[in-house]
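Here is my input, please return the structure:
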Amino acid sequence: MNTQFFAAWIEEIAAAVRSRRDHLTQLDAAIGDADHGANLDRGFTAVREALAAASPQTPGALLVLVGSTLIRKVGGASGPLYGTAFREMGKAFGDAAEVSLAELSTGLNAALSGVQRLGAAAEGDKTMVDAFAPAADALAQAVRDGVKPQEALEAAASAAEQGAKATVPLQARKGRASYLGPRSVGHEDPGAASTALLFGALRTVAAR
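Residues are numbered from 1 along each chain as shown. This is a model prediction of the structure:
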């Protein structure tokens, strides 16, 4: 997976966020600030502009730029959390011109660790971690099993989608949603939903 692959991934995320912007905002209206979709859409629009202007030459440089742009441009918790995820993934890739499936897995685990350090969230807290952690675990298992890349990324995307849906019955223990207590139960976490879009976009690009 080269720089063009990761650029296509970011384009696919931007398109997915744009198409699901209102849905993400509706999810956030139930348990948050009602701005998650709009914030992410604004952030990835800025990311596309930054990538067009800079033309980074390696996957690592591209993802660090993505992360830095999201941190600067997106308000609330999602900018720092997603920004940290992409920055940590980019740093894990270093200066490599291409990234293997195993290296992608390592990078996603670094991204997850960064998110958990920043947000102090674990699985079960009703956050983006509930989608990110099972996706990263599924990809790591697929690498260990020697699964083909497309099948591995399908497994990761499916795990993220299942993880997002599994947040519905949970009571939020982190973030603004936690202020609602039991009233947060019965709603899908918007961060987990957008994380599922991220892994779905990765599956889509790999299938091309």
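
Residue 194 against residue 78, yeah?
Yes - when contacts are counted by Cβ atoms under 8 Å, residue 194 is listed as touching residue 78 (7.4 Å). The way it works is simple: take the backbone N, C-alpha and C, and place the C-beta from them, glycine included.

which neighbours do these two share?
36, 40 (Cβ atoms under 8 Å, 6 or more residues apart in numbering).

pull the helix or strand with minimum mean pLDDT from this structure.
Lowest by mean pLDDT, DSSP states H and E among the helices and strands of the chain is helix 21-31, with a mean of 90.

Could you check how far that one is from the centre of its chain?
Chain-centre distance of helix 21-31: 17 Å, with Cα atoms, centre = their mean, to the nearest Å.

Now the element after that helix, going C-ward?
Using DSSP states H and E, the next helix or strand after helix 21-31 towards the C-terminus is helix 36-54.

Restricting to C-alpha, output that next one in CSV.
Extracted C-alpha coordinates of helix 36-54, given in CSV (Å, rounded to 0.1, in the frame of the first residue of the first chain):
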residue,chain,number,x,y,z
HIS,A,36,-20.2,15.6,14.9
GLY,A,37,-21.2,15.2,11.3
ALA,A,38,-20.7,18.8,10.4
ASN,A,39,-17.4,19.0,12.3
LEU,A,40,-15.9,15.9,10.6
ASP,A,41,-17.2,17.1,7.2
ARG,A,42,-15.5,20.5,7.7
GLY,A,43,-12.3,18.7,8.9
PHE,A,44,-12.0,16.3,5.9
THR,A,45,-12.7,19.1,3.5
ALA,A,46,-9.8,21.0,5.0
VAL,A,47,-7.7,17.8,4.8
ARG,A,48,-8.4,17.4,1.1
GLU,A,49,-7.3,21.0,0.5
ALA,A,50,-4.1,20.5,2.6
LEU,A,51,-3.2,17.3,0.7
ALA,A,52,-3.7,19.0,-2.6
ALA,A,53,-1.4,21.8,-1.6
ALA,A,54,1.3,19.7,0.0
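
how about the strands of the protein, start to end?
Remark: strands of the chain are absent; assignment by DSSP state E.

any weak-confidence spans in it?
Of all residues in the chain, none has pLDDT under 70.

That one: helices as residue ranges?
Assigned by DSSP state H, the helices in the chain fall at 3-19, 21-31, 36-54, 59-73, 78-93, 101-119, 129-145, 149-165, 190-207.

what's in contact with the fifth one?
Which is helix 78-93. 36, 39-40, 43, 58-74, 99, 103, 106-108, 110-115, 117-119, 128, 132, 191, 194.

Centre of the chain to that helix, how far?
The answer for helix 78-93 is 9 Å, by Cα atoms, centre = their mean.
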